[in-house]
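*Asks:* Have a look at this prediction, sequence included:
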Amino acid sequence: MKSWIDFWNAEHSIYVNARHKQLHAEAVARDIVRHIPRTNAVVLDHGCGEALYAEVVAQRCGCLILCEAAPKICADLAQRLAGVSNVQVIDPVGAEQIPPASLDLVVVNSVLQYLSRDTLEALLDLWRAALKPNGRLVIADVIPPGVNPLRDAAALLWFATRGGFLFPALGGLVRTALSDYGRIRKALGFSMYREPEFVALLAAHGLAAERSHPNFGHNQARMTFSARKM
Ligand SMILES: C[S@@+](CC[C@H](N)C(=O)[O-])C[C@H]1O[C@@H](n2cnc3c(N)ncnc32)[C@H](O)[C@@H]1O
């Protein structure tokens, strides 16, 4: 059975076409930029994926560090962004070397569902140590229990209707359900958290978290949390 990282590292059709990818990137860029505290901020985007928004976000902060676990995505990012002087691309081993108290903002969008509890807890400690005393950790697209694949599909179709890619989205949903994504989701499931449970988990790692509205991206059934060091 493939892992989620294997899934993201291979070709997939989660983004149903170029317009979907573009609109997703624009929305995530807007959402990240909203949380950047000032123009010289040092920002870590952990689990950044292809980060088609990287250039836009990099223009709004002092330094953007992109961390990605899928080796092919990481290599492609490093190549694509080699000419952008305030962007660094790292893998999870590189993330362990981020100096303590060096980051103003850590954003983690649509990643938690793919992380085991142990991995998440280790990352909470890493992010906390890397944050400056007044830095912020923003974790977005956290899935509460009860948000099933049909709810995700409905949110995508609404996004697609507004974005003018409804028919490709309908085809994409069928392709995704029949793909490795559907098989891995059935086998491994998603990590899901209730709001109070998630706030308590962050508190146990020395982070005071609160719900932040709106959620990143198009699915408002999922949750964003903003946390600071206690
Ligand atoms: C759904 S994508 C989200 C990408 C991006 N954050 C966005 O909003 O478009 C999840 C990404 O997280 C990456 N990922 C999963 N576990 C990770 C980990 N432990 N460290 C870094 N990246 C991870 C996956 O490889 C994948 O590219």
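*Replies:* That came in fine, so what should we check first?
*Asks:* Keeping just the C-alphas, turn the helix-or-strand element of the chain with minimal mean pLDDT into PDB.
*Replies:* When each helix and strand of the chain is scored by mean pLDDT, DSSP states H and E, helix 180-188 comes last, with a mean of 84. Extracted in PDB, the C-alpha atoms of helix 180-188 (Å, rounded to 0.1, in the frame of the first residue of the first chain):
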ATOM      1  CA  ASP A 180      -5.000   5.700  -5.500                       C
ATOM      2  CA  TYR A 181      -6.400   8.600  -3.600                       C
ATOM      3  CA  GLY A 182      -9.700   6.800  -3.000                       C
ATOM      4  CA  ARG A 183      -8.000   3.500  -2.200                       C
ATOM      5  CA  ILE A 184      -5.500   5.200   0.200                       C
ATOM      6  CA  ARG A 185      -8.200   7.200   1.900                       C
ATOM      7  CA  LYS A 186     -10.200   4.000   2.400                       C
ATOM      8  CA  ALA A 187      -7.200   2.200   3.800                       C
ATOM      9  CA  LEU A 188      -5.400   4.800   5.900                       C
END
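*Asks:* Check which residues of it are buried.
*Replies:* Asp180, Tyr181, Ile184, Arg185, Leu188 (16 or more other C-beta atoms under 10 Å). Placement of C-beta: from N, CA and C, glycine included.
*Asks:* ok, so of those residues, who is nearest the ligand?
*Replies:* Taking C-beta to the nearest ligand atom as the measure, the ligand sits nearest to Tyr181 out of the buried residues of helix 180-188, at 10.3 Å.
*Asks:* residues in the chain within reach of the ligand, list them.
*Replies:* 5, 8, 28, 46-49, 67-70, 73, 92, 109-111, 114-115, 119 (C-beta under 6 Å from any ligand atom).
*Asks:* at 8 Å what do you get?
*Replies:* By C-beta under 8 Å from any ligand atom, the residues of the chain that approach the ligand are 4-5, 8-9, 14, 24-25, 28, 45-51, 53, 67-70, 73, 91-92, 95, 107-111, 114-115, 119, 123, 140-141, 216-217.
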